[in-house]
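Novice: Next come a sequence and a model predicted from it.
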Amino acid sequence: MLELRSAMETITGLPRHVACVMDGNGRWAARRSLPRTAGHEAAEAAVIDVIETARSAGVKWLSLYAFSTENWRRPMGEVDVLMRLVRRVIRKHAPVLHARGVRCRFLGMTDPRIPPPLVRDITDLMTMTGDNSRMTLTVAFDHGGRRDIVEATRSLIRSGVPAEQVTEAGFAAHLPYPDTPDVDLVIRTSGEQRISNFMLWQVAYAEWVFPEVLWPDFRATHFWECLDTYRRRQRRFGDVRRPAAMTGEGLR
């Protein structure tokens, strides 16, 4: 791991924005004959390790898919445990995140079923870290990519922009947190290969990697390996040639 990390720290071309679909908690628990909630609890270590590794690597934007709009369909007991777990993690780690310059955001958060104490803790965390600039951590919680696009469309219509004047940039300005750059790399653990309604607009040209490791076992070593995989790819954005910006030639 040290050799890989040392090599990565000396190169350029790291992704600006990394997003993680944290998949495999339930299967991790099932393989150990434990309740699904045990997998969610074990995932805390992976979350903290990835945040710290991304920050140390120089990744400026990190997004984590914690709870989707579809996850409300899960058994209420499991949902309640998830809500309590998120609150405990926030209270436990908020001082360290703030001290290390991490700005925390939550993407979603519109469902009235989210417990008010959790909403208050999340609001306090965002307020406390709002001026930090070392890295922006976005937690997608009660998030759905389609819902974001629908809400952005409604906002665009309400703003009175004529149809012929609608542009991609103009549309993106109506999405939540419009200053968020497009995702460069998506990591989905557990080997599953689905988008799962995650930041649909922002991942349009992202590179994807699908490590087999289940999320509770995902650690810094795996994260560095994913960064290395990204670095070795050629991002053409629909062109047949590698863009000059990715070759060090600059824009002309």
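Specialist: Structure received. Numbering: from 1, shown residues only.

Novice: Which strand residues bridge the most centrally placed residue in the chain?
Specialist: What sits nearest the mean C-alpha location of the chain, by C-alpha atoms, centre = their mean, is S63, with 1.9 Å. Beta bridges link S63 to A19, T138, judged by DSSP bridges.

Novice: Report the contact partners of it.
Specialist: H17, V18, A19, C20, L107, L137, T138, V139, A140, T180, V183, M199 (C-beta atoms under 8 Å, 6 or more residues apart in numbering). C-beta coordinates here come from the backbone N, C-alpha and C atoms, glycine included.

Novice: again, 7 Å this time
Specialist: Listed by C-beta atoms under 7 Å, 6 or more residues apart in numbering, the contact set of S63 reads A19, T138, A140, V183, M199.

Novice: again with R91
Specialist: R91 neighbours (C-beta under 7 Å, 6+ apart): D121.

Novice: Restrict stretch 189-201 to CA atoms and write it as CSV.
Specialist: Extracted in CSV, the C-alpha atoms of stretch 189-201 (Å, rounded to 0.1, in the frame of the first residue of the first chain):
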residue,chain,number,x,y,z
THR,A,189,-18.3,-1.4,-4.3
SER,A,190,-19.4,-5.1,-4.1
GLY,A,191,-19.1,-5.7,-7.8
GLU,A,192,-22.7,-4.5,-8.7
GLN,A,193,-22.8,-2.4,-11.9
ARG,A,194,-25.8,-0.1,-11.7
ILE,A,195,-26.2,3.7,-11.5
SER,A,196,-29.1,3.4,-9.0
ASN,A,197,-30.5,6.9,-9.6
PHE,A,198,-27.3,8.5,-8.3
MET,A,199,-26.4,12.1,-9.3
LEU,A,200,-27.6,11.3,-12.9
TRP,A,201,-26.7,14.7,-14.4
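
Novice: Would you quantify the distance from V203 to A29?
Specialist: 28 Å (C-beta to C-beta, to the nearest Å).

Novice: Could I get the phi/psi values of the residue nearest to G26 when sequence neighbours are not counted?
Specialist: In space, G26 comes closest to R36 once its chain neighbours are excluded; the distance is 4.5 Å by C-beta to C-beta, 6 or more residues apart in numbering. With angles defined as degrees, to the nearest 10, R36 sits at phi -60, psi -30.

Novice: Give me the distance between stretch 86-104 and the centre of its chain.
Specialist: 16 Å (C-alpha atoms, centre = their mean, to the nearest Å).

Novice: any idea which helix or strand comes after the helix ranked longest in the chain?
Specialist: Counting residues, the longest helix found in the chain (DSSP state H) is helix 76-99. The C-terminal neighbour of helix 76-99 among helices and strands, as given by DSSP states H and E, is strand 102-108.
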